[in-house]
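1. next comes the sequence, and after it the predicted model I'd like to discuss.
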Amino acid sequence: MEQRDFAQVVLAECAELLGAGDLTLDETGYCALVSEREDVLHIKLDGAQNALIFMAALSDNELDADNAFLLAGLLRANFFWERTGGATLAMEPDGNALLIEQPFFLEGSTGRELHDFVLRFADLLEIWRREYNELKEQSLEESQPFVVTED
């Protein structure tokens with residue numbers, strides 16, 4: 001079976017298990033899934049890796065590139081994927097949006113395995129949204145070492 005056809009079979013099985021309706025790759029190998037939390041999970045077939053690459057935005061806000069504390073915290077999490085569950089935190093190539101992405105390797109996979117992966121990825125997205133917000137708050141505290149109070 002051709003790689004794209006196999007990917008489509010696995011996606012269809014997963015969509016049925018999720019109750020998500022149709023998950024069909026377009027002519028570029030792309031499709032998207034909206035989770036119950038209304039997160040958009042972008043899915044792209046990567047032929048070179050024989051994988052479906054999942055990607056989602058962590059924040060609607062653009063990342064402040066001047067904020068070293070926040071960037072350092074995010075980069076530390078990527079170290080050997082220890083705190084990201086195998087996913088990678090990245091910045092959008094054409095902007096400053098923070099993304100999380102992770103491959104699902106197709107060889108020998110099933111719709112059930114993709115289903116389980118999608119649920120873990122959605123949970124990971126939620127965890128990293130919280131982590132991002134916490135790092136952002138800590139970053140604000142770091143950049144404002146003095147607190148002004150009214151007497």
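-> Yes, it's here.
2. where does the prediction get shaky in this protein?
-> In the predicted model of the chain, residues 60-69, 81, 95, 139-151 satisfy pLDDT under 70.
3. which residue ranges form the helices in it?
-> For the chain, the helices defined by DSSP state H occupy 3-18, 68-78, 111-143.
4. show me which residues of the longest one are buried.
-> In this case it means helix 111-143. Applying a neighbour-count criterion of 16 or more other CB atoms under 10 Å, one finds 111, 113-115, 117-118, 121-122, 124-125, 128-129, 131-132, 135-136, 139 buried in helix 111-143. The way it works is simple: take the backbone N, C-alpha and C, and place the C-beta from them, glycine included.
5. sorry, back to before: so can I have JSON lines of the helices of the chain showing distance to P93?
-> Putting the helices of the chain into JSON lines (distance: least, CB to CB, whole Å) gives the following:
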{"stretch": "helix 3-18", "distance to P93": "24"}
{"stretch": "helix 68-78", "distance to P93": "16"}
{"stretch": "helix 111-143", "distance to P93": "19"}
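6. between those, which one is closest to C31.
-> Each of the helices of the chain was checked against C31 via CB to CB, and the shortest separation belongs to helix 3-18, namely 7.0 Å.
7. which residues does stretch 87-107 contact?
-> Outside stretch 87-107, the residues within contact range by CB atoms under 8 Å, 6 or more residues apart in numbering are 3, 6-7, 10, 46, 49-59, 62-65, 74-75, 77-78, 81, 84-86, 114, 117, 121, 124-125, 128, 132.
8. let me redo that: stretch 124-137
-> The set of residues external to stretch 124-137 that reach it, using CB under 8 Å, 6+ apart, is 37, 39, 41, 56, 58-59, 69-70, 73-74, 77, 84-85, 87, 89, 98, 100, 102.
9. are any of those buried, and which?
-> A residue is treated as buried here by neighbour count (16+ other CB under 10 Å); on that basis the buried members of the contacts of stretch 124-137 are 39, 41, 56, 58, 70, 73-74, 77, 84, 87, 89, 98, 100, 102.
10. which of those sits closest to A20?
-> The nearest member of the buried ones among the contacts of stretch 124-137 to A20, counting by CB to CB, is L41 at 10.1 Å.
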